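>>> Provided below for reference: sequence and predicted model.
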Amino acid sequence: MSSRTDARSRAPANAQRVREFFVDVLGPQRLAAMGAASRDVVAALRDHMDRDCALDQDASPVT
């Protein structure tokens, strides 16, 4: 069995575990708050990348 096929066969059990240990524990209100917080972080990262991100510059490692 290939690793892709093996992963697909485990997907339903994995999805059930995510629901059991994450979604059900947090509940709808805290999941919504987490979603809002995540959107704020992504927006801040995009803003940083648009304004002053130096990823394309040759940066020296910090020693």
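Arrived safely, thanks for sending.
>>> And the helix or strand encompassing residue 43, what does it pack against?
Following DSSP states H and E, one finds residue 43 within helix 24-52. Where contact means 3 or more Cβ pairs under 8 Å, 6 or more residues apart in numbering; DSSP states H and E, helix 24-52 is not packed against any helix or strand. Placement of C-beta: from N, CA and C, glycine included.
>>> What residues of that helix count as buried?
Across helix 24-52, burial judged by 16 or more other Cβ atoms under 10 Å covers no residue at all.
>>> what sits against residue 21?
Going by Cβ atoms under 8 Å, 6 or more residues apart in numbering, residue 21 touches no other residue.
>>> Next, it: secondary structure please.
helix (DSSP: H, G, I helix; E, B strand; the rest coil).
>>> separation between it and residue 28?
16 Å (Cβ to Cβ, to the nearest Å).
>>> And the pLDDT at residue 21?
On pLDDT, residue 21 comes in at 93.
>>> ok, it to residue 5 distance?
Distance from residue 21 to residue 5, by Cβ to Cβ: 25 Å.
>>> Residue 29 now?
38 Å.
>>> what do you get for residue 13?
According to Cβ to Cβ, residue 13 and residue 5 sit 15 Å apart.
>>> ok, now residue 14?
For residue 14, the distance to residue 5 - Cβ to Cβ - is 14 Å.
>>> swap in residue 37?
Per Cβ to Cβ, residue 37 is found 36 Å from residue 5.
>>> Could you measure from the residue positioned nearest the centre of the chain over to residue 54?
Geometric centre of the chain, nearest residue: residue 38, 8.6 Å, by Cα atoms, centre = their mean. Applying Cβ to Cβ, the value for residue 38 to residue 54 is 24 Å.
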